[in-house]
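# I would like the atomic coordinates for the input below:
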Amino acid sequence: MTKEEFNAEWLKAEELCNLFDVEICGKKIWKYIRITSDMYFFDYELENVYQNGRCWANMPKGNIIDLFFNYVKNPYRDMFCKDNPLFSRSTDLLYVVNRQNTYRNGKFIHRTIGDYIISTPKDISYSVLEWIPAENDLQYYHLNKNQYFFSHEMVTALFKCNDRVSETIIIKELENKIIKPIEKTTQIRFSDKMKACMVDQVIFYIIYGDAYHNFYNYILKKIKPKLVIYSLFELPFVQILMDVCVENNIKISEIQWGMGFSMIYELGYSANFNNKFIAPTYFMGYGDFSKKMFSKEYTHCKYGIGEENSISIGKIVLNESAIAANKNKLIHKNNKYYLIISSIYPQIIDFTIELAKKIKDKNIKIIYKLHPGESNRPDPKLKILKEHNVIIKDKVSIYSIIEWSDYIIGTESTALYESAKFGKPVFIYGEFSKTHPLVKKNVAIGIESVDDFLNKLKEPQNLNINPDAINYFYADNAKKNYQKFLNEIIIGRK
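I've put the predicted structure just below:
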């Protein structure tokens, strides 16, 4: 079953089984778990997330006494709770982020939206609410003013949970009310991993959902922001956050996380079923492609975000990195570097093995950049790549590797779009070789085999990049666009 077919079956199940109104232990749970539908589709990815059993449901409930001693003994925590969100102050703007810091240009910065945070106009006050994995995490980086930390232990220790609910009953009701009806009315069949994923999320939301709802409600009433900004993949409780924003009449905006064909975007903000699923007020995308793709006017989808509220912002760090790289282009005198960008589609590693076997020129170097999911569960075939002198890169800056490389090959990854912004020739291999948006816009070249790739390298016209077409995917002047958006929404200044 292709992703598009799975997509259609998923929507069909929602309508025929009336899943939005199904109650598990007295709670309508569907809108909170449907957003990860692509995880159910990609078993390969699920193996990375759930290889050791449950993820969210096994997070321990917090204890007030333990919480207090963690504050006292942790040298990175302010003794007077300056970084405790319960003591937060009112600001115009609230960023809600996950612990995803990266080291760049001599300092730590939040990986996905750190560049947007530090680009906030000076006359707009803001706070940063950062979720950390656990209270015993000593890495409390104070990257921004008014930065507050919260953890699962904090939320569940201070706000009431439904921890007396039987997990056995939850699993039984889920099987009878959701899993079996879906399998009966559609072509979708749940593997053990898919069931484990859904059970994990349902248990988490039923037991802890109210605690997070009350926590967010408390924080928003204290900070009183005019706008809340988040990045979807960075936060596991985003739908609860959206609910609370709507209840408090607070605008909320999502910053685009990636460029892939994620069903989280294709299904996540459905305007079907009487708007039972809440969408953010605004969507800040990378370019006009995202603006059209992620709005309800787009012909293939029914989003709850109108195109007038889907904004082409750009990606600040990409703009700055690409401009710097294009000003100081690297020229390799002797060697040529082919960069293979891995993804959750496993066929790309087979392509790389075949390419390595066919290339005899010692001046041609092949770099294989691992997908983040491969770091925890390496593919056994990586040993074969090493045997053929393929350079394997893992936790390094993707932009530095793109800048270093001469040609980029991949199947589906945000980095392929970003490579085009760097002005690099991009080749799309596999099932998307003819349908990929970059190929359709003549920004990338579709290839069906290793021989096809090697033949197309000999045709100079395949290596020219149209800058106007690239800007359709990534708008220029991202920092100015972002500041203009904030000024209009928060201050009302054009």
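# Quick check: buried residues in stretch 111-124?
111-117, 120-121, 124 (16 or more other Cβ atoms under 10 Å). In this view, the C-beta of every residue, glycine as well, is placed from N, C-alpha and C.
# Straight-line length of it, end to end?
Its start and end residues considered, stretch 111-124 measures 22 Å (Cα to Cα, to the nearest Å).
# so how far is it off the chain centroid?
18 Å (Cα atoms, centre = their mean, to the nearest Å).
# what pLDDT, on average, does it get?
For stretch 111-124, mean pLDDT rounds to 88.
# do the same with stretch 186-199
83.
# In it, which residues are buried?
Those would be 186, 188, 190, 193-194, 196-199, for stretch 186-199 by 16+ other Cβ under 10 Å.
# ok, back up a step: and the buried residues of stretch 111-124, which of them are in helices?
114-117 (DSSP state H).
# which residues touch S231?
By Cβ atoms under 8 Å, 6 or more residues apart in numbering, S231 lies in contact with 97, 112-113, 254-257.
# what pLDDT does it get?
For S231, the model assigns a pLDDT of 82.
# if I look at it, how far off is H110?
Using Cβ to Cβ, to the nearest Å, S231 is found at 9 Å from H110.
# Quick check: neighbours shared by the two?
Shared contacts of S231 and H110, counting by Cβ under 8 Å, 6+ apart, come down to V97.
# coming back round to it: dump the buried residues of stretch 111-124 to a markdown table, plus distance to N217.
Listed next are those as a markdown table, based on distance: Cβ to Cβ, whole Å:
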| residue | distance to N217 |
| --- | --- |
| R111 | 28 |
| T112 | 25 |
| I113 | 23 |
| G114 | 27 |
| D115 | 29 |
| Y116 | 25 |
| I117 | 23 |
| T120 | 24 |
| P121 | 28 |
| I124 | 24 |
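# If we only consider those, which is nearest to E173?
T112 (35.5 Å; Cβ to Cβ).
# all strands for the stretch 351-494 of the chain, in order.
364-369, 391-393, 407-410, 426-429, 444-447 (DSSP state E, counting those that start in this stretch).
# any chance of the ones you listed in JSON lines, with distance to S419, mean pLDDT and mean neighbour count too?
Converted to JSON lines, the strands of the stretch 351-494 of the chain look like this (distance: least, Cβ to Cβ, whole Å; pLDDT from 0 to 100; neighbours: other Cβ atoms under 10 Å):
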{"stretch": "strand 364-369", "distance to S419": "11", "mean pLDDT": "92", "mean neighbour count": "20"}
{"stretch": "strand 391-393", "distance to S419": "14", "mean pLDDT": "88", "mean neighbour count": "16"}
{"stretch": "strand 407-410", "distance to S419": "4", "mean pLDDT": "94", "mean neighbour count": "25"}
{"stretch": "strand 426-429", "distance to S419": "5", "mean pLDDT": "93", "mean neighbour count": "25"}
{"stretch": "strand 444-447", "distance to S419": "9", "mean pLDDT": "92", "mean neighbour count": "23"}
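# would you list these in TSV and tack on distance to L220?
Putting the strands of the stretch 351-494 of the chain into TSV (distance: least, Cβ to Cβ, whole Å) gives the following:
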stretch	distance to L220
strand 364-369	40
strand 391-393	41
strand 407-410	40
strand 426-429	42
strand 444-447	43
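# So what's the gap between the helix ranked longest in the chain and the chain middle?
Looking across the chain with DSSP H, the single longest helix is helix 192-223. How far helix 192-223 lies from its chain's middle: 18 Å, per Cα atoms, centre = their mean.
# other SSEs contacting that helix?
strand 27-28, helix 30-33, helix 37-41, helix 43-50, strand 93-98, helix 152-158, helix 167-174, helix 238-247 (3 or more Cβ pairs under 8 Å, 6 or more residues apart in numbering; DSSP states H and E).
# which residues touch the second one?
Translated: helix 30-33. Under Cβ under 8 Å, 6+ apart, the answer for helix 30-33 is 14, 19-20, 22, 178, 198, 201-202, 205, 209, 239-240, 276-278.
# what's the closest of these to L486?
I278 (22.4 Å).
# Mind pulling up the pLDDT for the closest one?
For I278, pLDDT reads 67.
# go on, L463?
66.
# Then the one 5 residues further on?
pLDDT, the model's per-residue confidence, is 77 for D468.
# 8 is where my numbering starts, stick with that
Shifting the count to begin at 8 puts that one at D475.
# residue contacts, it?
No contacts exist for D475 under Cβ under 8 Å, 6+ apart.
# how much space is there between it and D458?
For D475 relative to D458 (Cβ to Cβ), the value is 32 Å.
# give me the low-pLDDT residue ranges for the stretch 308-457 of the chain?
308-311, 351-353, 379-386 (pLDDT under 70).
# and if we set it to 90?
308-318, 326-342, 349-357, 367-369, 377-397, 399-407, 418-421, 430, 437-450 (pLDDT under 90).
# what about the helices in it?
Secondary structure of the stretch 308-457 of the chain (DSSP state H, counting those that start in this stretch): helices at 323-334, 354-365, 379-383, 389-394, 405-411, 421-428, 444-447, 457-463.
# Identify each buried residue in the fifth one, please.
If I follow you right, that is helix 405-411. 405-406, 408-410.
# Kindly report the same for the second one.
Under the neighbour-count criterion of 16+ other Cβ under 10 Å, helix 354-365 has 355-356, 358-360, 362-363 buried.
# And the ones in helices among the buried residues of stretch 118-131, which is closest to K298?
Y123 (17.2 Å).
# On the pLDDT front, check the closest residue in space to that closest one that isn't next to it in sequence for me.
Leaving aside its sequence neighbours, Y123 sits nearest to Y489 (Cβ to Cβ, 6 or more residues apart in numbering; 5.8 Å). You'll see Y489 listed with a pLDDT of 96.
# ok, now which ones touch Y489?
Here Y489 is in contact with 123, 126, 291, 320-321, 323 (criterion: Cβ under 8 Å, 6+ apart).
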